[in-house]
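Asker: Dropping the sequence and predicted coords here.
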Amino acid sequence: MKNSSRRDFLKLTGLGAASLMASTASASEGVKLGENDVGMFYDATKCVGCKACVAACKRVNDMDAVPAPNDEDRLWDAPGKLDYRTRNIIQLYKEDEETWSYVKHQCMHCVKPGCVSACPVTAMMKDERGIVYYDKDKCIGCRYCQIACPFVIPKFEWPKAFPKIVKCDLCKFTNLKEKGIPACCEVCPTEAVIFGKRSDLLAEAKRRMETEPEKYQEKIYGEHEIGGTNVIYLAPQKVNFAQLGFPELETHSYAAFSENIQHTIYKGFIAPVALYSLLTFVAIRNRKKNDGSEDEE
Ligand code: SF4
Ligand code: SF4
Ligand code: SF4
């Protein structure tokens with residue numbers, strides 16, 4: 001959609017909302033863990049913190065640099081957290097010389113993604129391989145996906161005239177398409193992050209835990225959290241997942257809950273039209289209010 005037509009679309013309320021309902025109901029309907037689901041496996045004990053994965057992610061996905069605070073010449077890209085310029089980040093947790101770990105954060109590609117369920121216009125979608133991706137031309141900037149994500153992953157381009165949501169899409173349209181592997185997995189020198197079928201990655205994680213139980217936490221993060229994620233993790237024995245910034249989550253998906261609400265209100269027809277008109281109006285008003293904001297979340 002061109003920018004002008006996209007702006008026109010943003011002005012729509014009632015009629016637009018009514019037509020959007022049909023696609024809303026199908027955004028993540030029928031999504032289940034399939035044989036073909038792919039994902040990533042990050043083993044924190046193998047990561048050396050080189051950040052080659054961060055640089056490669058930026059390069060192939062054409063992301064802007066984040067200058068370091070004291071870098072007046074803006075020579076260095078030094079992202080410290082996920083934001084609209086950074087889809088992938090390596091951070092360090094350190095208590096002492098013995099108790100420390102690197103950790104990689106990006107979209108978890110949830111089996112039942114809350115972002116997909118919450119998006120009223122199917123701008124956030126999940127493909128047949130389990131990759132959760134985004135269509136900027138459908139997005140109305142409501143940011144419900146941000147609210148619905150339990151991992152606080154989607155970021156919004158606040159400073160841009162036509163902002164979009166930014167998050168990892170497993171290099172679906174870039175490295176994965178061209179080379180069959182996400183850029184971060186391609187460049188990692190220690191294979192701390194690897195790409196493959198989720199079932200194979202889980203089997204490999206279990207094999208490592210069984211082979212060297214003294215090395216790892218007794219848990220594969222993402223195996224069961226919120227119904228499972230296609231990005232899974234092993235952490236070192238001395239550092240737990242909460243310390244690495246992962247929330248403790250139920251094993252059921254919140255997405256199913258929000259879908260139930262959507263489907264319940266969809267049973268009536270007039271009510272959804274009014275509801276989505278209101279939601280669209282509020283989203284547009286909030287977006288205008290926040291234009292130019294320094295908030296980079
Ligand atoms: S981690 Fe967040 S953004 Fe990624 S698929 Fe899950 S809900 Fe969506
Ligand atoms: S899969 Fe691609 S987009 Fe996602 S973190 Fe890795 S390099 Fe970045
Ligand atoms: S490229 Fe590999 S070893 Fe280097 S920081 Fe990324 S995950 Fe860690």
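Answerer: Perfect, I can see it now. Ligands and ions are numbered 1, 2, ... in the order given.
Asker: which residues does the closest residue to Glu157 other than its chain neighbours contact?
Answerer: Using CB to CB, 6 or more residues apart in numbering and skipping the chain neighbours, the partner closest in space to Glu157 is Pro163 (3.8 Å). C-betas here are computed from N, CA, C, even on glycine. Pro163 makes contact with 84, 141, 156-157, 287 under the criterion CB atoms under 8 Å, 6 or more residues apart in numbering.
Asker: want to try JSON lines for those residues, with neighbour count as columns?
Answerer: Putting the contacts of Pro163 into JSON lines (neighbours: other CB atoms under 10 Å) gives the following:
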{"residue": "Tyr84", "neighbour count": "22"}
{"residue": "Gly141", "neighbour count": "19"}
{"residue": "Phe156", "neighbour count": "23"}
{"residue": "Glu157", "neighbour count": "18"}
{"residue": "Arg287", "neighbour count": "17"}
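Asker: Could you report the neighbour count for Gly49?
Answerer: 14 (other CB atoms under 10 Å).
Asker: Isn't it up against Gln91?
Answerer: No: the criterion here is CB atoms under 8 Å, and Gly49 misses it with Gln91 at 9.1 Å.
Asker: joint contacts of the two?
Answerer: When contacts are counted by CB under 8 Å, 6+ apart, Gly49 and Gln91 are jointly contacted by Tyr102.
Asker: Show me where this structure has its strands.
Answerer: Taking DSSP state E, the strands of the chain run over residues 38-43, 89-94, 100-105, 124-126, 132-134, 155-156, 165-166, 193-197, 231-234.
Asker: The first one to strand 89-94, inter-axis angle?
Answerer: On the basis of axes from the mean of the first three to the mean of the last three CA atoms, to 10 degrees, strand 38-43 is oriented at 30 degrees to strand 89-94.
Asker: quick one: the most centrally placed residue in the chain from Ile147, how far?
Answerer: Nearest residue to the geometric centre of the chain (CA atoms, centre = their mean): Cys107, 2.8 Å. Distance of Cys107 to Ile147, given as CB to CB, to the nearest Å: 15 Å.
Asker: just Pro163 next, same as before
Answerer: 16 Å.
Asker: Repeat that for Met108.
Answerer: Computed as CB to CB, the Met108 to Ile147 distance reads 16 Å.
Asker: Pro182 now?
Answerer: 26 Å.
Asker: Neighbour count for those two, which is higher?
Answerer: Using other CB under 10 Å as the criterion, Pro182 and Ile147 rank with Pro182 on top: 30 against 12.
Asker: Quick check: phi and psi at the more buried one.
Answerer: Main-chain dihedrals, Pro182, degrees, to the nearest 10: phi -60, psi 150.
Asker: residues in contact with the residue lying closest to it once chain neighbours are set aside?
Answerer: Ranked by CB to CB, 6+ apart and with sequence neighbours excluded, the top spatial neighbour of Pro182 is Cys171, at 4.2 Å. If you count contacts by CB under 8 Å, 6+ apart, Cys171 has them with 57, 60-61, 177, 181-184.
Asker: Sort out which of those residues are buried, if you could.
Answerer: 57, 60-61, 181-184 (16 or more other CB atoms under 10 Å).
Asker: what's the most distant pair in those residues?
Answerer: Asn61 and Ile181 (14.1 Å; CB to CB).
Asker: Out of the strands of the chain, flag the one nearest Glu72.
Answerer: Here strand 89-94 is closest among these (CB to CB), at 23.5 Å.
Asker: Around ligand 3, which positions in the stretch 151-297 of the chain sit nearby?
Answerer: 187-190, 192-193 (CB under 6 Å from any ligand atom).
Asker: Same list (these) but as CSV, adding pLDDT and neighbour count.
Answerer: Below are those laid out as CSV (pLDDT from 0 to 100; neighbours: other CB atoms under 10 Å):
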residue, pLDDT, neighbour count
Val187, 98, 19
Cys188, 98, 22
Pro189, 98, 10
Thr190, 98, 12
Ala192, 98, 23
Val193, 98, 25
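Asker: Turn the residues you listed into a markdown table, including distance to Thr251.
Answerer: Listed next are those as a markdown table, based on distance: CB to CB, whole Å:
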| residue | distance to Thr251 |
| --- | --- |
| Val187 | 33 |
| Cys188 | 29 |
| Pro189 | 35 |
| Thr190 | 31 |
| Ala192 | 26 |
| Val193 | 24 |
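Asker: Distance check, the residue nearest to Glu157 against ligand 2.
Answerer: From Pro163 across to ligand 2, the span is 19 Å (CB to the nearest ligand atom, to the nearest Å).
Asker: pLDDT wise, what is that residue at?
Answerer: For Pro163, the model assigns a pLDDT of 96.
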